[in-house]
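1. Quick check, what structure comes out for this input:
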Amino acid sequence: MIPAAVDRFGARVHGVPAHRWNDPTPCTEWSVSDLVNHLIGEHLWAPHILARETIAQVGDRFDGDLTDGDPAKAWDLAAASSLAAFQATDGSGTVHLSFGEVPLAEYAAQMLVDLTIHQWDLARGSGQDETLDPEAVAFSLAYAHANIDTFAGMGIVAPPVPTTSKDPVVQLISLTGRHF
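-> Got it, this is the predicted structure:
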């Protein structure tokens, strides 16, 4: 599922109109450019995480602006590196994250959820089609339901926004602290 999610996010990156890079996103602290930069950083980290490097070993090399003036090109390079690393791993074992050692499957799940939610954030912030893949939404919603207390405790998402909608996309977006 990750390759398809990377492709979907990448399509949104390439669809950002030139005048929208500084527009706000549902991630209240980030502009469209900041959001893409965040995902670039996540995917530059992936090969190191998958190689079982620790946060200390990676250090701060992926802090700051990683777009080098061309967010789409920077995304493409980071995504290619991340996908190659995921494809080269056998899918078992553990990886080191900021909060400890976790199964590789947990890291992959987090990456998929991050891509799915941020695809919507990017689409909303840049005025693009907000349609999400139903399979990725179903997976992400189940994962978010199971982990929302952990997310909130780590400050990863804003508090859930109440909704009575039965639409899985609205439920996912609301559960992760975004207003639909």
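
2. From here on, just use CA atoms for contacts and neighbour counts.
-> OK.

3. In what element of secondary structure is the most centrally placed residue in the chain found?
-> Centroid-nearest residue in the chain: residue 114, 2.7 Å away (criterion: Cα atoms, centre = their mean). Assessed by DSSP states H and E, residue 114 sits inside helix 104-126.

4. Next up, the contacts around the residue nearest to the centre of the chain.
-> Applying Cα atoms under 8 Å, 6 or more residues apart in numbering to residue 114 gives no contacts.

5. any chance you could map the helices in this protein?
-> When assigned using DSSP state H, the helices of the chain occupy the ranges 2-14, 32-50, 55-58, 71-88, 104-126, 134-154, 168-175.

6. just to revisit the earlier point, can you point out the buried residues in the helix holding residue 114?
-> 104, 107-109, 111-113, 115-126 (16 or more other Cα atoms under 10 Å).

7. on that earlier part again, need the winner for burial among the helices of the chain.
-> Of all the helices of the chain, helix 32-50 has the most neighbours on average by mean count of other Cα atoms under 10 Å, namely a mean of 23.

8. Can you spell out which helices and strands pack onto that helix?
-> Judged by 3 or more Cα pairs under 8 Å, 6 or more residues apart in numbering; DSSP states H and E, helix 32-50 is in contact with helix 71-88, strand 94-97, helix 104-126.
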